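*Asks:* need a structure here:
(chains A and B)
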There are 2 protein chains.
Amino acid sequence: MIKLDLTNILKEEIGQSGLDFDEIKMRAENAVSILKERKNEDLDFLNLPYQDLKKIKEIGQKARDYEYFILLGIGGSALGPKVILESLSPFHNFQKKPKVFIFDNVDPYTLRNLIELIDLKKTLINVISKSGSTSETLASFLIFWRMIRDKKMEVREHFVFTTDPEKGNLRIISDEYDIPTLEIPKKVGGRYSVLSPVGLFLAEAIGINSGDLLEGAREITEKATANNLDENPMAYLASSLYLMDVSKDKKIIVFLPYSDRLRSLSEWFCQLWAESLGKEGKGTTPYPSLGTTDQHSQLQLWMEGPEDKVILFVSIESHNVQEEIPEEFYHIEGLRFLGGHTLEGLMHTEQIATEMALSLNKKANLKIVMPKIDAYTLGQIFQFLQVTTAMAGFLYSINPFNQPGVELGKRLTYGALGKRGFESEGEEVKNYLKKKRIII
Amino acid sequence: MIKLDLTNILKEEIGQSGLDFDEIKMRAENAVSILKERKNEDLDFLNLPYQDLKKIKEIGQKARDYEYFILLGIGGSALGPKVILESLSPFHNFQKKPKVFIFDNVDPYTLRNLIELIDLKKTLINVISKSGSTSETLASFLIFWRMIRDKKMEVREHFVFTTDPEKGNLRIISDEYDIPTLEIPKKVGGRYSVLSPVGLFLAEAIGINSGDLLEGAREITEKATANNLDENPMAYLASSLYLMDVSKDKKIIVFLPYSDRLRSLSEWFCQLWAESLGKEGKGTTPYPSLGTTDQHSQLQLWMEGPEDKVILFVSIESHNVQEEIPEEFYHIEGLRFLGGHTLEGLMHTEQIATEMALSLNKKANLKIVMPKIDAYTLGQIFQFLQVTTAMAGFLYSINPFNQPGVELGKRLTYGALGKRGFESEGEEVKNYLKKKRIII
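*Replies:* Predicted structure coming up:
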């Protein structure tokens, strides 16, 4: 089970920069009670661990016969699958098939190179969009669709859609061309969708048992609503981060896992937290980081820059690999002392030294401890962070499941591209482009 | 030449959240005059564009004969080379040789997989550490050194060191074993070293003319100290970001390039800015981002979260690739409007729509415009951002070339690992580990 170490966020450890334990506990209780009240409303991601996997496994097994697997999606439709790939099969494209490419942008240079790299006849393309109207995803979809049709290949052998069960453009095309299609439950938004077919289909396609991910997530889901607060680190984490913002003005949360395999988990968490909580002038900025690497990049700023951060370590108890540092150059002290330790030991030591250094400087820090990295614990940490984020939203009294702030940019894009119904936005963009600019 | 669009940071555009142009100009003048005064002191990175490339090119040419190229380095010794690789040869390992792996951590799982992937006999290992005493880099160096010796291979055929011209552990070993070694000039620190052999050797190893990088950097270097402020966007950028912090309390700078190829430039810039300016309680937090992707991840927070950010766009005028979106599904409006546009057009439109949406919401934003991405313009943007960062340091009246805040963590690590001379730190760590923890 994943644990949370609160010590270095408490007054006892870091003085007036810290919080009282009782204060954290009170808000944690509050968060759990709101979660329980709202369980049947908007919180469909809590039901994902109990879903039926039959269809995902069936189509997933077929996907393993292809040489290339391309995922078209952006935001929540790409970040979750990316974590599954990079955490559970980090050297995948060097070692295994199908080779996986996640195209989560509209960069023409990337797409052109990708097309030259693959053999379309041996390629399966998973198009992911809950709404079916994500411009970026649809643009690249159209390019692949045309190529496949031009080559007289069967579209239903080269596409799998992951979308809304009833509505949207992809659903229309799916019905028209009989494309294999997986369903994202109606009330599950993009950033809470990794444990839906969005992430699970990729898992199966690369040979990971999606059931293991769900098993881990189930354990967390049960603890999330349990009466025993001692088994609910999510509530304590939500409460701590909320209080650090509203009572200590810490507006940045650095998410700092000590494992290369969790680099993309940082990005995924940052989307989850930012889009869920950044509204009504509230929320904090989640910062994607990586240990030990960023000790040589960001640590200076954390130690001596503005007092606006909480550092959230994610420590891995076992990396499952022993790699000993040999004893060489006994005459050079700068090398001698490293010999006989392991890389895992060095990584742990640096993590501890960094949290100590921060604490000695009275900088608030917390630590999530994961026993190891596998499908089961990854399923846990996904649900752990989703529950934490939703609870933080309740404490802020905002809706953690919408994203009204992105609409304006989308409407202006539609207008500029000439979509029907967005003529006035099109005019706005035209006028904007005519304005005099101050350029140096 | 790279340009800076200041329009959306001015009062005329975003009202009271904005700055006066004259105020920006005054500080810009100030920044240039300090740069000129201090030109011969600590600012050796300004001399890098004029260095002799003969040795780098010689060893670089030999490197091209290997199948695998491993770079061992962390922080500035890894981030710069990573940008060169990922910006100028983004699908490198699928298309070209030597295959390049940058190992910038001590994760045993990564290292084990990497070792299994390569053929050591056909591998060149570039060990980069200015001081020669970076524990993370030396740990993995020791592991590779032992393997190569165990296999009775010649160390000088498998290692190239990049380090201080005179001092440090790598220099001692280089002398003892006659290892080919490239020099990082004495006064050039890690985060300002990309245009030294740190980055240039990798460039040559993957077939990029390091002279092109320097040519671009030379152009910027000359403009940086020129009398004509109209040709000095760096000074305006330093001034704008400084003023946005001290007079508008914007503590976060989102670095947002619109090109997959510049994803790692974001990370590189974030190290440069954070470590240079985050000291004495001053500085701002640079945030690594990517367009269009992060419109589906962070934009909600930028639009409606706390008022603490400046968004710094990096727009690319030409991606050098045309990729047309075909006209298909004429009966589905959500797809019809995309047909006939190009991906490049879509990317530009989304960038414009996003800056417009931010401006309409009175959110400060700036835009760097790069004509295209190649070795010449990459050399420009490196020097552009380095000059900007140094100038910002002068405006803050801090030293942008040191990093005192990372010492404590290093000392504690040394102590815990038993390095001589750090016995009291070792005791401190022991006591810390004995303390009672509050764990949920």
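
*Asks:* wait, what's in contact with residue A:321?
*Replies:* Counting by C-beta atoms under 8 Å, 6 or more residues apart in numbering or on different chains, residue A:321 touches A:344, B:108, B:109, B:111, B:112. For the C-beta atoms, the positions are set from N, CA and C on the backbone; glycine is no exception.

*Asks:* Tell me how far the nearest residue in space to it that is not next to it in sequence lies from residue A:372.
*Replies:* Nearest residue to residue A:321, sequence neighbours excluded (C-beta to C-beta, 6 or more residues apart in numbering or on different chains): residue B:108, at 4.3 Å. Noted for residue B:108: a distance of 12 Å to residue A:372, by C-beta to C-beta, to the nearest Å.

*Asks:* Please compare the two by neighbour count and tell me which comes out ahead.
*Replies:* More neighbours sit around residue B:108 than around the other of residue B:108 and residue A:372, counting by other C-beta atoms under 10 Å in any protein chain shown; the figures are 25 against 12.

*Asks:* tell me the mean pLDDT for the longest helix along chain A?
*Replies:* In chain A, taking DSSP state H as the definition, the longest helix is helix A:375-395. Averaging pLDDT along helix A:375-395 yields 98.

*Asks:* Which neighbouring elements make contact with that helix?
*Replies:* Other helices and strands packing on helix A:375-395, by 3 or more C-beta pairs under 8 Å, 6 or more residues apart in numbering or on different chains; DSSP states H and E, are helix A:21-37, helix A:76-88, helix A:210-224, helix A:233-248, helix A:263-277, strand A:365-370.

*Asks:* at 10 Å instead, please
*Replies:* helix A:21-37, helix A:76-88, helix A:197-205, helix A:210-224, helix A:233-248, helix A:263-277, strand A:309-316, strand A:365-370 (3 or more C-beta pairs under 10 Å, 6 or more residues apart in numbering or on different chains; DSSP states H and E).

*Asks:* Helix A:233-248 and the fourth one, what's the angle between them?
*Replies:* Orientation check (axes from the mean of the first three to the mean of the last three C-alpha atoms, to 10 degrees): helix A:210-224 against helix A:233-248 gives 60 degrees.

*Asks:* now the angle from helix A:210-224 to helix A:21-37?
*Replies:* Angle between the axes of helix A:210-224 and helix A:21-37 is 120 degrees (criterion: the same axes, to 10 degrees).

*Asks:* The shortest one too?
*Replies:* Between strand A:365-370 and helix A:21-37, the angle formed by their directions is 50 degrees, by the same axes, to 10 degrees.

*Asks:* With just CA atoms, put strand A:365-370 into PDB.
*Replies:* Taking only C-alpha atoms (Å, rounded to 0.1, in the frame of the first residue of the first chain), the coordinates of strand A:365-370 have been written out as PDB:
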ATOM      1  CA  ASN A 365       8.000  18.800   2.000                       C
ATOM      2  CA  LEU A 366       5.900  15.700   1.900                       C
ATOM      3  CA  LYS A 367       6.700  12.200   0.800                       C
ATOM      4  CA  ILE A 368       4.600   9.500  -1.000                       C
ATOM      5  CA  VAL A 369       6.200   6.100  -0.600                       C
ATOM      6  CA  MET A 370       5.500   3.400  -3.300                       C
END
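
*Asks:* strands paired with it, and their directions?
*Replies:* When pairing is defined by DSSP bridges, strand A:365-370 lines up against strand A:3-5 (antiparallel), strand A:309-316 (parallel).

*Asks:* Out of the ones you listed, which gets nearest to residue B:242?
*Replies:* Between residue B:242 and the strands paired with strand A:365-370, the shortest gap by C-beta to C-beta is with strand A:309-316, which sits at 20.3 Å.

*Asks:* Mark out where each domain of chain A begins and ends.
*Replies:* According to the domain assignment given by automatic domain parsing, chain A is divided into the following structural domains: A:3-37+A:225-395, A:46-209, A:405-429.

*Asks:* Output these as TSV; include the columns distance to residue B:302.
*Replies:* Converted to TSV, these look like this (distance: least, C-beta to C-beta, whole Å):
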stretch	distance to residue B:302
domain A:3-37+A:225-395	8
domain A:46-209	14
domain A:405-429	8
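
*Asks:* before we move on, back to that, would you turn the helices and strands packed on helix A:375-395 into JSON lines with distance to residue B:130, mean pLDDT and mean neighbour count?
*Replies:* Rendered in JSON lines, the data for those read as follows (distance: least, C-beta to C-beta, whole Å; pLDDT from 0 to 100; neighbours: other C-beta atoms under 10 Å in any protein chain shown):
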{"stretch": "helix A:21-37", "distance to residue B:130": "43", "mean pLDDT": "95", "mean neighbour count": "17"}
{"stretch": "helix A:76-88", "distance to residue B:130": "30", "mean pLDDT": "97", "mean neighbour count": "26"}
{"stretch": "helix A:197-205", "distance to residue B:130": "41", "mean pLDDT": "98", "mean neighbour count": "28"}
{"stretch": "helix A:210-224", "distance to residue B:130": "43", "mean pLDDT": "97", "mean neighbour count": "21"}
{"stretch": "helix A:233-248", "distance to residue B:130": "36", "mean pLDDT": "98", "mean neighbour count": "24"}
{"stretch": "helix A:263-277", "distance to residue B:130": "25", "mean pLDDT": "97", "mean neighbour count": "25"}
{"stretch": "strand A:309-316", "distance to residue B:130": "26", "mean pLDDT": "98", "mean neighbour count": "24"}
{"stretch": "strand A:365-370", "distance to residue B:130": "28", "mean pLDDT": "98", "mean neighbour count": "22"}
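
*Asks:* just so I know, which of these lies nearest residue B:262?
*Replies:* Across the helices and strands packed on helix A:375-395, the minimum distance to residue B:262, taken as C-beta to C-beta, is reached by helix A:263-277, at 16.0 Å.

*Asks:* Which residues are in contact with residue A:188?
*Replies:* Residues in contact with residue A:188 (C-beta atoms under 10 Å, 6 or more residues apart in numbering or on different chains) are A:42-48, A:76, A:130, A:194-196, A:198, A:401.

*Asks:* and if you look at residue A:349?
*Replies:* By C-beta under 10 Å, 6+ apart, the contact list for residue A:349 reads A:292, A:341, B:106, B:135, B:412, B:413, B:414, B:415, B:416, B:417, B:429.

*Asks:* Which residue, neighbours along the chain excluded, lies closest to the last one?
*Replies:* For residue B:429, ignoring the flanking residues on the chain, the nearest one in space by C-beta to C-beta, 6+ apart is residue B:416 at 4.3 Å.

*Asks:* how far is the helix or strand harbouring the one you found from where the chain is centred?
*Replies:* When elements are defined using DSSP states H and E, residue B:416 is found to belong to helix B:407-417. Averaging C-alpha coordinates over helix B:407-417 and over its chain gives two centres that are 26 Å apart (C-alpha atoms, centre = their mean, to the nearest Å).

*Asks:* Could you do stretch A:351-368 as well?
*Replies:* Relative to the centre of its chain, stretch A:351-368 is centred 24 Å away, using C-alpha atoms, centre = their mean.

*Asks:* Would you mark the buried spots in that stretch?
*Replies:* A:351-360, A:363-368 (16 or more other C-beta atoms under 10 Å in any protein chain shown).

*Asks:* May I ask which two of the residues you listed are separated the most?
*Replies:* A:360 and A:368 (21.2 Å).

*Asks:* quick one: furthest residue from the center of chain A?
*Replies:* Of all residues in chain A, the one whose C-alpha sits farthest from the chain's mean C-alpha position, using C-alpha atoms, centre = their mean, is residue A:331 at 46.3 Å.
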